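Asks: pasting the structure only:
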Ligand code: SF4
């Protein structure tokens, strides 16, 4: 269908041009009246960049009482009252890392793989913690206990156990999922390192230290018991048969009676040792 608009002198249709919205004769912002402006008609000036315009709302009444007298004079310095009142209170700045403040009892810190009272490991390698982890930070490989190498009560133990602290969000879902309470969280929060690989903690880094009287695994379960007795907390320490087994298979074990003691057996894993060295260096630097 042909265009019915009247052609201009150049042959273009006389359509609406850009910027032609202002009525003829209206006064442009901050400028003189346009040629042919209608007398008495004005356009409100547009605010320039950075300017704030206020618009009165019809029927609005402020509920804030206007200040008068001395209160009006002191109003500009009223905010300093908070500053002045705090100047005479004791300083509460924590001097970390030179002074470490203990975390709250239920703080979610680094994980720990616990042991039973006779030294056997509680982890059975079921991988439930890895499945529960929303950040995919835990990797577990289970293996079978054998008569020559029994690390935990029952059939299975955790052969490989890793937690990637670059991924962990410390939510605690893993410890909720653990059926044997093998995995718990400590109050330890110093978890920083110079390398990404150094943030992956292995089983030997996470295992709870042996306590006095415990016998280092592997060794058989307490004679005449099963894994249920362990879960029910009926095991209070190693028996003579276990000590005899360890003496036969590892005569130099430091946790045997007369041995070097649990301090000699509690050698931290390489990642835990590196972390401890870093924390000690930071503490030393902070106390200078
Ligand atoms: S820590 Fe607990 S949940 Fe994770 S593999 Fe070991 S037993 Fe299973």
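Replies: Sure, I can see it. If you're wondering where the values come from, they're calculated on a predicted model, not measured in any experiment.
Asks: residues in contact with stretch 177-191?
Replies: Applying C-beta atoms under 8 Å, 6 or more residues apart in numbering, the external contacts of stretch 177-191 come out as 97, 102-105, 107-114, 121-124, 126, 128-129, 131-132, 158, 165, 170, 172, 174-175, 199, 231, 275, 278-279, 282. Placement of C-beta: from N, CA and C, glycine included.
Asks: what do you get for stretch 137-153?
Replies: With contact meaning C-beta under 8 Å, 6+ apart, stretch 137-153 is reached by 116, 120-127, 129-130, 154-165, 167-169, 174, 217-221, 225-227, 230-231, 249.
Asks: and the end-to-end length of it?
Replies: Stretch 137-153 has its terminal residues 26 Å apart, counting by C-alpha to C-alpha, to the nearest Å.
Asks: tell me the average confidence for it?
Replies: Taken as a whole, stretch 137-153 carries a mean pLDDT of 97.
Asks: Flag every buried residue along it.
Replies: Residues of stretch 137-153 classed as buried: 137, 138, 140, 142, 145, 150, 151, 152, 153 (neighbour count, 16 or more other C-beta atoms under 10 Å).
Asks: Among the residues you listed, which pair sits farthest apart?
Replies: Between any two of the buried residues of stretch 137-153, the greatest separation by C-beta to C-beta is 28.5 Å, found for 137 and 150.
Asks: pLDDT weak spots in this protein?
Replies: Within the chain, the ranges that satisfy pLDDT under 70 run 1-57, 287-288.
Asks: for the ligand, what are the nearby residues on it?
Replies: When proximity is defined as C-beta under 6 Å from any ligand atom, the chain approaches the ligand at 123-129, 140, 158, 177-178, 180, 182-183.
Asks: Give me the buried subset of these.
Replies: 123-129, 140, 158, 177-178, 180, 182-183.
Asks: show me where the protein has strands.
Replies: In the chain, the strands defined using DSSP state E lie at 111-113, 138-144, 156-164, 183-185, 200-201.
Asks: For the first one, enumerate the helices and strands it packs against.
Replies: The criterion is 3 or more C-beta pairs under 8 Å, 6 or more residues apart in numbering; DSSP states H and E, and the helices and strands that strand 111-113 contacts are strand 156-164, strand 183-185, helix 203-206.
Asks: and that strand, which residues are buried?
Replies: Neighbour-count burial for strand 111-113 flags 111, 112, 113 (criterion: 16+ other C-beta under 10 Å).
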